[in-house]
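K.L.:
Sequence isn't available, so here's the structure alone:
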């Protein structure tokens, strides 16, 4: 036996003890690398809120100004109305004009066209 093996066997008598010591060493190295990464990582930059776009919606002789988020022009151009999304619904529902435009859109023929299309605009 070598001197390294003798030294190790002096403290770790069974093979199971050596296995546990090696696994402990691996876990310690992994933990130290993770802690170092957390301490030296750069902060994640915050995303800017999407700027509101204004769209003009008209239907049934009534015209509304609808404020929406990114992509408003695509949806508005196709269906004449800015659909609320999960991301902008809280702000969207606070604007009474959006609800009026929604009701006008539901009563218009564009709603039937949307319902018979391949899927929602979003």
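P.N.:
Structure's in. What do you need? On a predicted model such as this, the values are computed, not experimentally measured, just so you know.
K.L.:
mind checking the SS state of residue 13?
P.N.:
Secondary structure, DSSP: H, G, I helix; E, B strand; the rest coil: residue 13 is coil.
K.L.:
quick one: it and residue 21, what's the gap?
P.N.:
Per Cβ to Cβ, to the nearest Å, residue 13 is found 12 Å from residue 21. No exception for glycine: its C-beta is placed from N, CA and C like everyone else's.
K.L.:
neighbour count winner among the two?
P.N.:
Taking other Cβ atoms under 10 Å, residue 13 and residue 21 do not tie; residue 21 has more neighbours (13 against 10).
K.L.:
tell me the pLDDT at that one?
P.N.:
pLDDT recorded at residue 21 is 95.
K.L.:
Surely it is in a strand?
P.N.:
No. Using three-state DSSP, the assignment for residue 21 is helix, not a strand.
K.L.:
wait, it sits on residue 15?
P.N.:
No. Residue 21 lies out of contact with residue 15 (Cβ atoms under 8 Å); the separation is 10.7 Å.
K.L.:
Mind telling me what element residue 46 is part of?
P.N.:
Under the criterion DSSP states H and E, no helix or strand holds residue 46.
K.L.:
what number of residues lie near it?
P.N.:
Residues lying near residue 46 (other Cβ under 10 Å) number 6.
K.L.:
how close does it sit to residue 92?
P.N.:
To residue 92, residue 46 is 22 Å away according to Cβ to Cβ.
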